[in-house]
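**Student:** The amino acid sequence is not available; the structure is as follows:
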């Protein structure tokens, strides 16, 4: 039953959907418009009826508001047949998925994002891409939409797990946007989780409505009681809730905690609780024949053939490097980082090509070196690519922006000799400062120093200078205008004053 209460002036309307009944026998209503403004958090252990609750809520509100369901297990695809939801399988590229999300908002079609069959890492990336597409829609398309995220602890984890840091960061950012900033864009987040303790607190804290189901762990019961404003001694009641029973609180539900039993649903999920059923009666001899005798028309399994172990990309690159080792040994190596024969010029061109991508300077060294090896083979570099250590050194020079002909070879050899005493990733920063000091140009700003180190953090640049100063490689001073001057103690060189905040 859905109640629509219209005001006398015919301009405002309150839509209340029926989600079940209270212990008193009265119907339990949920104010849909209030829900759009205040969001909802559902918690319950596996088997508590959490998915049943979400299905009831979706069915009752399907005709009133556009819906999008992030479905990691494919349980909600059954809504498509009865209520017209479009099932979006997470296939194709991330760009395709983001464009689909934009069209969903444009045409106001209810959808189910089916993530079934993807591993956790890809599920997080797909969900983040889709949510970002909904969130980034043009202002003209900010129509009301309910966004349901089942198993929200997978997409907004409280702590890092076995997934990659990139996937965790993107997914958590998208979920935070949904719950913290989605209201102004018409997005009402409804998140469901098995464990409150595993859900990021900044995501859970944005919900003002709560439906708390059965849970057994003390930490989850205590947190649920805290969210509902109940006393700690009352937290034990969450252990005794039956399947399909929840404690409700919030402006869209009730001003005080009340128990609710969720009503029946019209569609069924593909999962559900397993039901006991008796085994078929048959003699032991017949059962044995059923197992060991091939059935008529059954295709026998092919005998597995011995296969070579699958080689990783690293193994293949190692074998290719070994095959070129003879040429490598015969090729003379540069004595200086600025010695430019034909081979060294080619290497410099390849590294410069890598750094043309703005994000390349901030990639891990292993990723850059793998890209470098591939480019060297494409360019048919004589003698093969240099080893990782040599690549680190050449990359540090390239990041510092030092080119042949800019420096006096004798003076620069001294700078290289001193830089060799620093860790590989700091040499580029020292050489950048040496370049400025030798040319008497202003001291590089924090952004330029951070880029030479391979980071975007100005704070990291300040830490690097402090670290080098503690080790006696340089001295930092500030002139009366507040500009920074760096003196390289071993060389006796000094930069001109420079603004550390300069871009």
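**Tutor:** Structure received. These figures come from a predicted structure and were not determined experimentally.
**Student:** what's the pLDDT at residue 212?
**Tutor:** Confidence at residue 212, expressed as pLDDT, is 90.
**Student:** ugh, wrong one, residue 133
**Tutor:** pLDDT, residue 133: 93.
**Student:** Going forward, count from 168.
**Tutor:** Noted, 168 is the first residue going forward, which turns the last one into residue 300.
**Student:** unless I'm mixing things up, it is touching residue 265, no?
**Tutor:** Yes. Contact criterion Cβ atoms under 8 Å: residue 300 and residue 265 qualify, at 4.0 Å. Heads up, the C-betas are built off the backbone N, CA and C, glycines and all.
**Student:** who has more neighbours, the two?
**Tutor:** More neighbours surround residue 300 than the other of residue 300 and residue 265, with 21 against 17 (other Cβ atoms under 10 Å).
**Student:** Need the three-state assignment for that one.
**Tutor:** helix (DSSP: H, G, I helix; E, B strand; the rest coil).
**Student:** List the contacts of it.
**Tutor:** 264, 265, 266, 267, 268, 269, 271 (Cβ atoms under 8 Å, 6 or more residues apart in numbering).
**Student:** What ranges does the stretch 418-567 of the chain have for its strands?
**Tutor:** In the stretch 418-567 of the chain, the strands defined using DSSP state E, counting those that start in this stretch lie at 421-429.
**Student:** Surely residue 257 and residue 279 touch.
**Tutor:** No. Contact criterion Cβ under 8 Å: residue 257 and residue 279 do not qualify, at 10.9 Å.
**Student:** circling back to that earlier point, check the contacts of residue 300 for burial and list the buried ones.
**Tutor:** 264, 265, 267, 268, 269, 271 (16 or more other Cβ atoms under 10 Å).
**Student:** Need the residues you listed in a markdown table (columns: secondary structure).
**Tutor:** As requested, the buried ones among the contacts of residue 300 are exported to a markdown table (three-state DSSP):
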| residue | secondary structure |
| --- | --- |
| 264 | helix |
| 265 | helix |
| 267 | helix |
| 268 | helix |
| 269 | helix |
| 271 | helix |
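**Student:** Tell me the one of these nearest residue 288?
**Tutor:** Residue 288 has its nearest neighbour among the buried ones among the contacts of residue 300 in residue 264, at 15.2 Å by Cβ to Cβ.
**Student:** I'd like to know how far the closest one sits from residue 447.
**Tutor:** In this view, residue 264 and residue 447 are 45 Å apart by Cβ to Cβ, to the nearest Å.
**Student:** How about stretch 532-546, which residues are buried there?
**Tutor:** In stretch 532-546, counting by 16+ other Cβ under 10 Å, buried: 535, 536, 538, 539, 540, 542, 543.
**Student:** residues in contact with the last one?
**Tutor:** In other words, residue 543. By Cβ under 8 Å, 6+ apart, the contact list for residue 543 reads 514, 517, 551, 552.
**Student:** Could you check the pLDDT of the third one?
**Tutor:** Per-residue pLDDT puts residue 551 at 76.
**Student:** how deep is it tucked in, by neighbour count?
**Tutor:** Using other Cβ under 10 Å, the number of residues around residue 551 comes to 21.
**Student:** what's the distance between it and residue 511?
**Tutor:** 14 Å.
**Student:** Also the last one?
**Tutor:** Using Cβ to Cβ, one gets 13 Å for the distance from residue 552 to residue 511.
**Student:** Comparing these two, which shows the higher neighbour count?
**Tutor:** Using other Cβ under 10 Å as the criterion, residue 552 and residue 511 rank with residue 552 on top: 23 against 18.
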